[in-house]
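*Asks:* predicted coordinates and the sequence they were generated for:
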Amino acid sequence: MVGAGYVGLTTASCMAQIGHTVIGIDVDSAKIEALNKGIIPIVEDGLEAITQQMLATHRLTFQLGYSEAICSCEFIFLCVPTPQDEDGSADLTYIRESAKSLSPYLASNSVIVNKSTVPVGSTLVVEEIVRRDDIFVVSNPEFLREGSAVHDFLNPDRIVVGSSNKQAAQRVADLYQSIDAPIIICDPASAETIKYAANAFLATKLSFANAIAALCEHVGANIDDVMQGIGQDKRIGNQFLKPGPGWGGSCFPKDTRALVKIAESAGYDFELLRGVIDFNEIQFDRIVNKVRKAVGGTLTSKNIAVLGLTFKAHTNDLRDSPALRIVEHLKSHGATINAYDPTANESLHGINIYKTAIEACASADAILIATEWPEFASLNPTDLGKIVRSKHMIDARNILDADLWKAAGFTYQGVGR
């Protein structure tokens, strides 16, 4: 498993859990030392326990850099970052470097598996770098949600394997034979497209929910009832129809822009997806405007308590977090930000970080719930009303009982409520 980041670590530990012997490789010596002690750098439900269990069985080990250990491996998974380049495309630098570095160590008839989210055609890129007829390259995209990645790996909706060599594809598919899930075997371009298309569609559903929420605010409808009403339609489904502050994280922003760039490079203007991306930027502004409205029209010198900084609950991932995007907008309009998040304890530029939600809310002119951590739903409005400067609640995740907060004297703004 080349790369011990979020995808690599989860895949390594879960592959060991289903019976395989796995070597995790990374270039960060401190990370490797910690992992071999069972200390993981991310917040992910169940992952630390599985990692420690698999280390104890010796089916899982971690090592620094590439070595002759790869010679004993039948499958080499590439789980390295594919960050967004300046033009919006996916940067394949780490994929190229990994393929070049591991090539001398590959045993004949071994299979390189692209697990990273990569543009269409990346399987061919790796093949051209390795340049060996006895090595096969297969696409096997991941569909892991942060916060439930272990569950998603062991209970997937589907497993996608793409290769121009049917035997190599079947060998990779056989790795998952103990998992009860449909297996889709296809060409590599289709497998690579499936990953991007899935994320693009989910982002589109979220933007659609936010757009309908905006409509609800204009016509006096309740977004909770509307989403329940359309989500019961089996053709639509109820997942990813919950409005919020906008979508973010390590995947959706990067992958939607990359897919637009892939389409552009192929001569197709993906206008629909560009609209989804643009609307998401508007959603950040809509939340900022709710805060501005609450405090009387200007944010200058106002204390805003922001509860939640990670892009979603049950993770410590701050990458492309909607909360941080909104915070930057608030700061640019002169607001002082006092924040609390259960997992974000490090210093963040221009943000005052507190150890509890109560401390962050002291002397606040308004409170903004930006991430749906469960503990925020149980906050007591009466207690908070005694310590804030002004009673204004902006619930960007719709997790509060609006009537309860209004009864305590707060103005309340949700999304589409």
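*Replies:* Perfect, I can see it now.

*Asks:* show me what contacts residue 46?
*Replies:* When contacts are counted by Cβ atoms under 8 Å, 6 or more residues apart in numbering, residue 46 touches 150-151. (Glycine included, C-beta is placed from N, CA and C.)

*Asks:* try it again at 7 Å.
*Replies:* Shown in contact with residue 46 (Cβ atoms under 7 Å, 6 or more residues apart in numbering): residue 150.

*Asks:* cool, and the one 5 residues further on?
*Replies:* Each residue near residue 51 by Cβ under 7 Å, 6+ apart is listed here: 13, 38, 40, 60.

*Asks:* again, 10 Å this time
*Replies:* By Cβ atoms under 10 Å, 6 or more residues apart in numbering, the contact list for residue 51 reads 9-10, 12-14, 16-17, 24, 35-36, 38-40, 44, 60, 62, 150.

*Asks:* same question, residue 368
*Replies:* By Cβ under 10 Å, 6+ apart, the contact list for residue 368 reads 245, 287-288, 290-291, 294, 304-308, 323, 326-327, 330, 335, 337, 339, 392-397, 413.

*Asks:* try 8 Å this time
*Replies:* By Cβ under 8 Å, 6+ apart, the neighbours of residue 368 are 287, 291, 304-307, 326, 394, 396.

*Asks:* and if you look at residue 417?
*Replies:* 216-217, 222-224, 395, 398, 402.

*Asks:* got a list of what the residue nearest to residue 341 when sequence neighbours are not counted touches?
*Replies:* Leaving aside its chain neighbours, residue 341 sits nearest to residue 309 (4.1 Å; criterion: Cβ to Cβ, 6 or more residues apart in numbering). Counting by Cβ under 8 Å, 6+ apart, residue 309 touches 318, 321, 323-324, 327, 339, 341, 344, 348, 351, 370-371.

*Asks:* how does it look with 7 Å?
*Replies:* 318, 321, 323-324, 339, 341, 344, 371.

*Asks:* farthest-apart pair in the contacts of residue 368, please.
*Replies:* In the contacts of residue 368, two members sit farther apart than any others by Cβ to Cβ. They are 287 and 305, at 14.3 Å.

*Asks:* and the longest helix for the protein?
*Replies:* In the chain, taking DSSP state H as the definition, the longest helix is helix 188-219.

*Asks:* helices or strands next to the next helix-or-strand element following it in the packing?
*Replies:* With elements assigned by DSSP states H and E, the helix or strand that comes after helix 188-219 is helix 223-231. Other helices and strands packing on helix 223-231, by 3 or more Cβ pairs under 7 Å, 6 or more residues apart in numbering; DSSP states H and E, are helix 188-219.

*Asks:* now the helix it packs on: buried residues?
*Replies:* Residues of helix 188-219 classed as buried: 188-189, 191-196, 198-200, 202-214, 216-217 (neighbour count, 16 or more other Cβ atoms under 10 Å).

*Asks:* who has more neighbours out of residue 287 and residue 305?
*Replies:* Using other Cβ atoms under 10 Å as the criterion, residue 287 and residue 305 rank with residue 305 on top: 30 against 25.

*Asks:* with adjacent residues omitted, what lies nearest to that one?
*Replies:* In this structure, residue 305 finds its nearest non-sequential neighbour in residue 364, 3.9 Å apart by Cβ to Cβ, 6+ apart.

*Asks:* go on, residue 48?
*Replies:* Leaving out its chain neighbours, the residue that sits closest to residue 48 by Cβ to Cβ, 6+ apart is residue 40, at 5.0 Å.

*Asks:* quick check: that neighbour touching residue 49?
*Replies:* No. Counting by Cβ atoms under 7 Å, residue 40 stays clear of residue 49, with 9.9 Å between them.
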